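Novice: Could you look at this predicted model? Sequence included:
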Amino acid sequence: MSNSTEQTLDDEPRPSDRSTNNKLREDQQAQEWETLARAWVSAFPEAKAVNVSQVEVWIDSNFCSLPAELQSMPRSELIERLISIQNYLRFPSHSQEKELSQPDLPPARFQRTDQWIPVYSWLESLDSDEVVKSKDISDNPQIKDQLCSRHSRYHLMHYIKKCHLKIIKRREKKVGLQPLNNETTLKVQKDVVAKKPAPVLSNPLNNLPKDSDMYLAKRNEALRKFEMCRFCKWLGYGDSDSCILCAIITAQESYAMIFIPQLFSFTSLLAMNESTIMLMCLNFGPAAAVAHAGNGDGVQPLSKIAIHKAVYAYHENASVKAHPLVLGTKGADSDWITVEVECPKPSEDDWIAVFSPANFNSSTCPPSDDMEQFPYICSAPIKYKYANDSNAEYNKTGKASLKFQLINQRADFSFALFSGGLSDPKLEAVSNSISFANPKAPLYPRLSQGKSWNEMTVTWTSGYNIIEAVPFVEWGLKGESQTRSPAGTLTFHRNSMCAPPARTVGWRDPGFIHTSFLKDLWPNSVYTYKLGHKLPNGSYVWSKSYSFKSSPYPGQDSLQRVVIFGDMGKAERDGSNEYSNYQPGSLNTTDQLIKDLKNVDIVFHIGDITYANGYISQWDQFTSQVEPIASTVPYMIASGNHERDTPNSGSFYDGNDSGGECGVLAETMFYVPAENRAKFWYSTDYGMFHFCIADSEHDWREGSEQYKFIEKCLASADRQKQPWLIFVAHRVLGYSSSYWQDGSFGEPMGRESLQGLWQKYKVDIAFFGHIHNYERTCPVYQDRCMNTEKSHYSGAVNGTIHIVVGGGGSHLSGFGPIQTSWSLYKDSDFGFVKLTAFNHSSLLFEYKKSSDGKVYDSFTISRDYRDVLACVYDGCEPTTLG
């Protein structure tokens, strides 16, 4: 095959004509293309063309699942690529005809019709190195006559400018290309030796002219079969050496295997029929599962609903009825309702959606010029159930009665019957609306430590803006006179979100979040409080009464109990939103803490709070779930990837695990005593404990702003008064056996940046989440156990014990096959940790499972102040001869 003319599927020069770095970028593009193609085809199962509006809606609702590089791609280019993929995979014969009839067309992705050909030719003829101006485009008669009637002016200008920019870049690349030397080596990270090229395989098609019909036909046949192999790879098959096609794909020789004879002869593809290819791939079993990823891990169930594709399919004999009509008549903030469903043509994939607000049609959508699809449902439901959930005979009778538990979320509710499953929803019927008696009531208080030891903050949610009612907290020592403290009011809007789905189908009005600061508390004292709003007419709206126990004085010698866990998320007690047994341990963890709450003083939820992933309604659900805990003891949180990470938003990791929330929800819904809540690191004291809470989603490397905070926080601990020094972060900046695949056993650069600080300041225990299991290490430093004990530690603090406690509720993670010397206990189950400080010299550590609340791992620490001061390896204070 010619080295000068052959091109890849992405219309880029083949790797043999590029530098090594460009080849790496092409491999990355191949993976991106695979991800897009799979998601795109599954979203549009019917073999029909789609319009730009449908494409944009699909992108908005699936944005968080796209690779970071694609999320940052200009919208027009992403749309063109998706349509190209859909056309190729759904209409292969049409794609082949286009290639056969236009062998010499320039490789512009937007060339879909003949009208574009003269436009592209015109752009090619421009000599300027600057992108064409809008006026020049408008003045071009071919564009004005043939394209303006088919496209909006905005999109037309954007597409043409993007195309011209690509032409300019391609010219620059051609000028700058240098032939590769045969001895060129591939340098990836450090000391990676390039593989020797495979022997050149005989390929009779090399002798065919590249513009001949025969060559193009054979090339298209190979491409079609190649797509089938990639499909096998998508299904998780092909790690067997017996299937060379899938093995090569697994090795990520994706596009190159078709076009580069040194890597793969596509004559081999042509020699096999398509049935043989499929059988080869499917007969060799699934690839091994990744050790630390559970099925469905991190996926928000509401994201499985293609609500943007919903169409009306009303049936006069279908009905949905909900009762009672008014909820919470006795002041409750949650209630059970019954939904009666009748459907004349029932199916096993019929489902019932709960919408709030009750009106969810296109009238509630934000303004848009692209609302071509009708109806245009632009908000996801807050929960759903399949119609046959409570009646196995539904498929025969078409009748079902379902129970839902609803919480007060400041708006009314309606219920909709959809057929077509979650991926192709068809709206059959809509119920009456129901609502809570007082939808704006103050609800779901969350306590938090303030910036001083004798301050408690109370945060809650209501439907009252500051201009409608004045928020406050009435509080005081139990049994004594009460006082009132004002509260501040915050909210946020759709444009505060950074990306879809939070900006699109996941958006829901969050109401108003109020925070009051209760100051000058007496230590170890029980206080009662209730939330209030004073209306303009002088009347009051009250919450129910709550109570809490204030913090001990720093250094106070008394019984103090701390609970720590991560990655809990939320779950539904009515069984709704069920997807792959989503977050099965969440309710168990919650219930165990409620059950033992009288023996808990403070809780740390160290990241991945709700797994809302951009579906705003789920934060109300979570605050309702933890209300019995968070209203009684301080509920301290740390920032995780599912709260913060959004591309181009300043997060250290540039994914979209937060679904576009970019930290706004966590920072607003919960208070933490940080100097800047957008930078989620802070310190807090509780009696004999000193906590340093890091934000793993911002830069923590040496020299960074956060690194300086961490050192200052650790150095500020008065170990004579607060002997128990605890470090907390969401991602594993320390040690975890579940990171075995990359050999780091933790976040890359984590330990090398921070373990010197942990050792210098003699951190007792470092806690991490993110990995959904439990693991305990020995006191470790620089990959070595510094103490041979396993259940009782005494004497000098010669290493830090690292704890992964990410089994709060989300899908469990496994462990790698490598038996690490520093790991003492592993458990892939749901659970949490409890620390009990009896005094300045004695600490009890317990790991409890969420299923039964029993202790499955424990150890004790006994030490005196002089042990903390003792000189240890890399942890000695400077001395001089005296």
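Specialist: Received the coordinates, thanks. Numbers count the residues shown, from 1 in each chain.
Novice: List the contacts of Glu675.
Specialist: By Cβ atoms under 8 Å, 6 or more residues apart in numbering, the contact set of Glu675 is Tyr682. In this view, the C-beta of every residue, glycine as well, is placed from N, C-alpha and C.
Novice: Distance check, it against Trp681.
Specialist: 9 Å (Cβ to Cβ, to the nearest Å).
Novice: For Gly421, grab the count of nearby residues.
Specialist: 17 (other Cβ atoms under 10 Å).
Novice: any idea how far the residue nearest to it when sequence neighbours are not counted is from Glu393?
Specialist: Leaving aside its chain neighbours, Gly421 sits nearest to Asp349 (3.7 Å; criterion: Cβ to Cβ, 6 or more residues apart in numbering). Distance, Asp349 to Glu393, by Cβ to Cβ: 16 Å.
Novice: do Cys778 as well
Specialist: 58 Å.
Novice: who has more neighbours, the two?
Specialist: Neighbour tally, Cys778 and Glu393, criterion other Cβ under 10 Å: the higher count belongs to Cys778, 22 against 11.
Novice: which residues touch that one?
Specialist: The neighbourhood of Cys778, defined by Cβ under 8 Å, 6+ apart, consists of Cys785, Met786, Asn787, Thr788, Glu789, Lys790, Gly799, Ile801, Trp822, Leu824.
Novice: Am I right that the third one is in contact with Val797?
Specialist: To tie it back to what came earlier, the one meant is Asn787. No - contact criterion Cβ atoms under 8 Å: Asn787 and Val797 do not qualify, at 9.6 Å.
Novice: Tell me the residues that contact both of the two, please.
Specialist: With Cβ under 8 Å, 6+ apart as the test, Asn787 and Val797 both reach Pro779.
Novice: Comparing those two, which shows the higher neighbour count?
Specialist: Val797 (27 against 16).
Novice: who's Leu447 bridged to?
Specialist: Leu447 has these beta-bridge partners by DSSP bridges: Val458.
Novice: Name every strand pairing with whichever strand or helix holds Ala322 and say which way it goes.
Specialist: Element membership for Ala322 (DSSP states H and E) is strand 319-323. Strand pairing for strand 319-323, determined by DSSP bridges: strand 334-342 (antiparallel).
Novice: And the contacts of the partner strand?
Specialist: Outside strand 334-342, the residues touching it (Cβ under 8 Å, 6+ apart) are 317-324, 327-328, 352, 387, 394, 398-408, 415, 417, 431, 434, 436, 574, 624.
Novice: Who wins on neighbours among the contacts of Cys778?
Specialist: Gly799 (27 neighbours).
Novice: Who are the contact partners of that one?
Specialist: Gln759, Cys778, Pro779, Val780, Tyr781, Cys785, Met786, Asn787.
Novice: Turn the residues you listed into CSV, including pLDDT.
Specialist: Output for the contacts of Gly799, formatted as CSV (pLDDT from 0 to 100):
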residue, pLDDT
Gln759, 97
Cys778, 98
Pro779, 98
Val780, 97
Tyr781, 96
Cys785, 97
Met786, 96
Asn787, 92
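Novice: So which of the residues you listed sit within helices?
Specialist: Taking DSSP state H as the definition of helices, those contribute Gln759.
Novice: Tabulate the contacts of Gly799 (CSV), appending distance to Lys849.
Specialist: Shown next, in CSV, are these (distance: Cβ to Cβ, whole Å):
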residue, distance to Lys849
Gln759, 32
Cys778, 22
Pro779, 24
Val780, 24
Tyr781, 30
Cys785, 26
Met786, 29
Asn787, 26
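Novice: Let's see which of the contacts of Gly799 end up in strands.
Specialist: The strands, defined by DSSP state E, take in Cys778, Pro779, Val780, Tyr781, Cys785 from the contacts of Gly799.
Novice: From Ser649, how far out is the nearest residue to Gly806 once chain neighbours are set aside?
Specialist: Spatial nearest neighbour of Gly806, chain neighbours left out: Gly769 (3.9 Å); criterion: Cβ to Cβ, 6+ apart. Distance from Gly769 to Ser649, counting by Cβ to Cβ: 21 Å.
Novice: same check, this time on Tyr314
Specialist: Counting by Cβ to Cβ - Tyr314 and Ser649 are separated by 41 Å.
Novice: try Gly734
Specialist: Distance from Gly734 to Ser649, by Cβ to Cβ: 26 Å.
Novice: Looking at those two, which has the bigger crowd around it?
Specialist: It is Gly734, of Gly734 and Ser649, that has more neighbours when counted by other Cβ under 10 Å, with 27 against 18.
Novice: For the closest residue to the more buried one other than its chain neighbours, list the residues it contacts.
Specialist: Take Gly734 and drop its neighbours on the chain: the residue closest to it by Cβ to Cβ, 6+ apart is His802, 4.0 Å away. Shown in contact with His802 (Cβ under 8 Å, 6+ apart): Gly734, Tyr735, Ser736, Ile765, Ala766, Phe768, Glu775, Arg776, Thr777, Val780.
Novice: One more: Thr515?
Specialist: By Cβ under 8 Å, 6+ apart, Thr515 lies in contact with Thr457, Val458, Thr459, Ala487, Gly488, Leu490, Tyr671.
Novice: ok, of those, which come out buried?
Specialist: Taking 16 or more other Cβ atoms under 10 Å as the criterion, what is buried in the contacts of Thr515 is Thr457, Val458, Thr459, Ala487, Tyr671.
Novice: Show me what stretch 868-882 is in contact with.
Specialist: So stretch 868-882 is contacted by 719, 723, 756, 759-762, 781, 786, 795-798 (Cβ under 8 Å, 6+ apart).
Novice: Please repeat the previous calculation with a cut-off of 10 Å.
Specialist: Outside stretch 868-882, the residues that touch it by Cβ atoms under 10 Å, 6 or more residues apart in numbering are 717, 719-720, 723-725, 755-756, 758-764, 779, 781-782, 784, 786, 795-799, 840, 863-864.
Novice: Just the CA coordinates for it, please, in PDB.
Specialist: Backbone C-alpha positions of stretch 868-882 (Å, rounded to 0.1, in the frame of the first residue of the first chain) are rendered in PDB as follows:
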ATOM      1  CA  VAL A 868       4.900  11.000  69.700                       C
ATOM      2  CA  LEU A 869       8.000  13.200  70.200                       C
ATOM      3  CA  ALA A 870      10.500  10.300  69.700                       C
ATOM      4  CA  CYS A 871      12.800  10.500  66.800                       C
ATOM      5  CA  VAL A 872      12.000   8.000  63.900                       C
ATOM      6  CA  TYR A 873      13.300   7.500  60.400                       C
ATOM      7  CA  ASP A 874      12.700  10.800  58.400                       C
ATOM      8  CA  GLY A 875      10.700  12.100  61.400                       C
ATOM      9  CA  CYS A 876      13.300  13.700  63.700                       C
ATOM     10  CA  GLU A 877      13.400  17.300  64.900                       C
ATOM     11  CA  PRO A 878      16.800  19.100  64.400                       C
ATOM     12  CA  THR A 879      19.100  18.800  67.400                       C
ATOM     13  CA  THR A 880      22.500  20.200  68.400                       C
ATOM     14  CA  LEU A 881      25.100  19.500  71.000                       C
ATOM     15  CA  GLY A 882      24.100  21.100  74.300                       C
END
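Novice: on that earlier part again, what's the local residue count around the residue nearest to Gly421?
Specialist: Burial of Asp349 is recorded as 17 neighbouring residues (other Cβ under 10 Å).
Novice: cool, and the one 5 residues further on?
Specialist: A count of nearby residues for Val354, using other Cβ under 10 Å, gives 24.
Novice: How about the contacts made by the residue sitting nearest the centre point of the chain?
Specialist: Geometric centre of the chain, nearest residue: Asp657, 2.2 Å, by Cα atoms, centre = their mean. When contacts are counted by Cβ under 10 Å, 6+ apart, Asp657 is found next to 64, 298, 608, 611, 613-614, 640-646, 651, 697.
Novice: could you dump the contacts of Thr515 to JSON lines with pLDDT and distance to Ser828?
Specialist: What follows is the contacts of Thr515, written out as JSON lines (pLDDT from 0 to 100; distance: Cβ to Cβ, whole Å):
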{"residue": "Thr457", "pLDDT": "98", "distance to Ser828": "36"}
{"residue": "Val458", "pLDDT": "98", "distance to Ser828": "37"}
{"residue": "Thr459", "pLDDT": "98", "distance to Ser828": "34"}
{"residue": "Ala487", "pLDDT": "98", "distance to Ser828": "43"}
{"residue": "Gly488", "pLDDT": "97", "distance to Ser828": "43"}
{"residue": "Leu490", "pLDDT": "97", "distance to Ser828": "39"}
{"residue": "Tyr671", "pLDDT": "97", "distance to Ser828": "33"}
